[in-house]
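Undergrad: Fold the following, please.
(2 chains)
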Number of protein chains: 2
Amino acid sequence: MRTAYHEQLAELNTTLGEMCELSGVTMEHATNALLQADLSVAEQLLDDRERMTHLTSAAEDQAFKLLALQAPVAGELREIVSGFQIVADIDRMYALALHVAKVARRRHPEPALPEEVRGYFAEMGRLAVRLANGAREVLDTSDPQKALALGVDDDAMDDLHKHLFTVLMDRDWPHGVAAAVDVTLLGRYYERFADHAVSIGRRVVFQATGQTPEQIADAAKD
Amino acid sequence: MRTAYHEQLAELNTTLGEMCELSGVTMEHATNALLQADLSVAEQLLDDRERMTHLTSAAEDQAFKLLALQAPVAGELREIVSGFQIVADIDRMYALALHVAKVARRRHPEPALPEEVRGYFAEMGRLAVRLANGAREVLDTSDPQKALALGVDDDAMDDLHKHLFTVLMDRDWPHGVAAAVDVTLLGRYYERFADHAVSIGRRVVFQATGQTPEQIADAAKD
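TA: Numbers count the residues shown, from 1 in each chain, chains lettered A, B, ... in the order given. Below is the predicted model of the structure:
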């Protein structure tokens, strides 16, 4: 009887998965533009926003259809509202990836990053892409273990972010305040990107199980 | 026939208004803690989060009740979903205000702000409080003029934010990189706080009229 509901919900999840993938790909290219001071890649990302706009609007339409047509019951209502919140998370991830591209464009032809922090951003970029793909997997599977893995990558991101600050705060930082400002903002963009990916995983798992990924892991230990 | 719906919606709006006010008051106190390097104010804000947690949960419950009990039609569904999105906006404003308090606490007993940027933050704090109160007024009235006024204050915030960067980027910035990093992050917190307040105004007006505040202003000019 609820087949239509579950089919439409699966469609919504497919759209959300595509959005996650696009935000990950965008962050990957933005990171490359940043590391290689590649203006054309940065500009292409910034010019080419239609696909995410389209996916966002498709996801919201699908969620509204679920609300309007399928007479959802209480648990389903929470599932659909969670869908809207995930749309907002992914939109923000995408916006943060574009912020990275903007910094690359603003500093061109100079590289925005001093040599000694390039490795941090290469790694933060790698983690960000993995987090976006991981969020997509959680959307596909509702697997609490995969959601916990997002938390591990987020912790790694936070550690890199903290180390980055110790590099910046070093009295011998030779690159001046302008570079420090860029590095500070960029670090914040990657860190927030990771936070949103974790938030997606938590929403999906809580929706599927009524528990957080951490609660499930704790229960498995007992 | 829809009296119950409208009464419950009014309750939700009242809760959202209280949340806006609390985020504004929190930003006001956090700004004072920052400007006066007042540890006890910062710590009190950071210790005392129950009221916002309670209001958030109350608002979400009210919104779920509207979805579940009142068999809302299409326009009402959008109104309720917009309510959930406004909850997320306000929660983020509140988190950003707490971020300001955290910087004040982290730097204590040193002031986090060099003398020459204190004026910027005093003004950004004043604008942030006004934006939070303005968002509350838009929630109460759905008035597109008041939503437009939020945009004006947000533009003023953006201008201050840009000027702040020119101060930072000045080759003669004498306060070192650590202070520059704090000022960069703090500037971002205030700017994002303002963005969320504007977003609330736009959501409310779009919900009430099907148009953005800007479209309404343009139409009035013709």
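Undergrad: residues from chain A in reach of chain B?
TA: Neighbours of chain B within chain A, by CB under 8 Å from any CB of the partner chain: A:63-64, A:67-68, A:74, A:77-78, A:81, A:84-85, A:88, A:165, A:168-169, A:171, A:173, A:176-178, A:180-181, A:184-185, A:188. Bear in mind the C-beta positions are built from the backbone N, C-alpha and C, glycine included.
Undergrad: please redo it, this time with the cut-off set to 7 Å
TA: Residues of chain A lying close to chain B by CB under 7 Å from any CB of the partner chain are A:64, A:67-68, A:74, A:77, A:81, A:84-85, A:88, A:165, A:168-169, A:173, A:177-178, A:180-181, A:184-185, A:188.
Undergrad: Would you list the buried entries among the residues you listed?
TA: The neighbour-count test (16 or more other CB atoms under 10 Å in any protein chain shown) marks A:64, A:67, A:77, A:81, A:84-85, A:88, A:168, A:173, A:177-178, A:180-181, A:184-185, A:188 as buried among the residues of chain A next to chain B.
Undergrad: I'd like to know how far A:Val204 sits from B:Ala112.
TA: Taking CB to CB, to the nearest Å as the measure, A:Val204 and B:Ala112 are separated by 38 Å.
Undergrad: What values do phi and psi take at A:Lys215?
TA: Just to correct that, residue A:215 is Gln rather than Lys. Note on A:Gln215: backbone dihedrals following degrees, to the nearest 10 are phi -60, psi -40.
Undergrad: and it, what pLDDT?
TA: Listed pLDDT for A:Gln215 reads 90.
Undergrad: residues near it, how many?
TA: Applying other CB atoms under 10 Å in any protein chain shown, we find 14 residues neighbouring A:Gln215.
Undergrad: What separation is there between it and A:Ser82?
TA: From A:Gln215 over to A:Ser82 the distance is 17 Å, taken as CB to CB.
Undergrad: Kindly report the same for A:Asp38.
TA: 37 Å.
Undergrad: ditto for A:Asp159
TA: Distance from A:Asp159 to A:Ser82, by CB to CB: 29 Å.
Undergrad: just A:Asp61 next, same as before
TA: 17 Å.
Undergrad: who's more crowded, those two?
TA: A:Ser82 (19 against 12).
Undergrad: quick revisit: which of the buried ones among the residues of chain A next to chain B fall in helices?
TA: Of those, the ones assigned to helices by DSSP state H are A:64, A:67, A:77, A:81, A:84-85, A:88, A:168, A:177-178, A:180-181, A:184-185, A:188.
Undergrad: list the helices and strands whichever strand or helix holds A:Glu7 packs on?
TA: Under DSSP states H and E, the secondary-structure element containing A:Glu7 is helix A:3-36. Helices and strands touching helix A:3-36, by 3 or more CB pairs under 7 Å, 6 or more residues apart in numbering or on different chains; DSSP states H and E, are helix A:39-47, helix A:50-69, helix A:74-107, helix A:115-141.
Undergrad: mind listing what's buried in the longest one?
TA: Within helix A:74-107, the residues scored as buried using 16+ other CB under 10 Å are A:76-105, A:107.
Undergrad: for the first one, same thing?
TA: Using 16+ other CB under 10 Å as the test for burial, helix A:39-47 gives A:41-42, A:45.
Undergrad: cool, and the second one?
TA: With burial defined by 16+ other CB under 10 Å, the residues of helix A:50-69 counted as buried are A:52, A:55-56, A:58-60, A:62-64, A:66-67.
Undergrad: now it: mean pLDDT?
TA: Rounded mean pLDDT across helix A:50-69 is 94.
Undergrad: JSON lines please, covering the buried residues of helix A:50-69 and showing distance to B:Phe193.
TA: Below are the buried residues of helix A:50-69 laid out as JSON lines (distance: CB to CB, whole Å):
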{"residue": "A:Met52", "distance to B:Phe193": "25"}
{"residue": "A:Leu55", "distance to B:Phe193": "28"}
{"residue": "A:Thr56", "distance to B:Phe193": "23"}
{"residue": "A:Ala58", "distance to B:Phe193": "30"}
{"residue": "A:Ala59", "distance to B:Phe193": "27"}
{"residue": "A:Glu60", "distance to B:Phe193": "25"}
{"residue": "A:Gln62", "distance to B:Phe193": "31"}
{"residue": "A:Ala63", "distance to B:Phe193": "27"}
{"residue": "A:Phe64", "distance to B:Phe193": "29"}
{"residue": "A:Leu66", "distance to B:Phe193": "33"}
{"residue": "A:Leu67", "distance to B:Phe193": "30"}
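Undergrad: ok, now which ones touch A:Ala217?
TA: Listed by CB atoms under 7 Å, 6 or more residues apart in numbering or on different chains, the contact set of A:Ala217 reads A:Leu148.
Undergrad: Just the CA trace of the helix or strand hosting it, in PDB.
TA: A:Ala217 is part of helix A:213-221 when elements are defined by DSSP H and E. Extracted in PDB, the C-alpha atoms of helix A:213-221 (Å, rounded to 0.1, in the frame of the first residue of the first chain):
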ATOM      1  CA  PRO A 213      25.400   6.600  14.800                       C
ATOM      2  CA  GLU A 214      27.200   7.000  18.100                       C
ATOM      3  CA  GLN A 215      24.300   5.400  20.100                       C
ATOM      4  CA  ILE A 216      24.300   2.500  17.700                       C
ATOM      5  CA  ALA A 217      28.100   2.000  18.100                       C
ATOM      6  CA  ASP A 218      27.800   2.200  21.900                       C
ATOM      7  CA  ALA A 219      25.000  -0.300  21.900                       C
ATOM      8  CA  ALA A 220      27.100  -2.700  19.800                       C
ATOM      9  CA  LYS A 221      29.900  -2.600  22.300                       C
END
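Undergrad: relative to helix A:115-141, how tilted is it?
TA: Interaxial angle, helix A:213-221 versus helix A:115-141 (axes from the mean of the first three to the mean of the last three CA atoms, to 10 degrees): 70 degrees.
Undergrad: Pull out the buried residues from helix A:213-221.
TA: For helix A:213-221, using 16+ other CB under 10 Å, the buried residues are A:213, A:216.
Undergrad: about what we covered before: mind putting the helices and strands packed on helix A:3-36 into CSV with distance to B:Arg136?
TA: Formatted as CSV, the helices and strands packed on helix A:3-36 follow (distance: least, CB to CB, whole Å):
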stretch, distance to B:Arg136
helix A:39-47, 35
helix A:50-69, 26
helix A:74-107, 21
helix A:115-141, 34
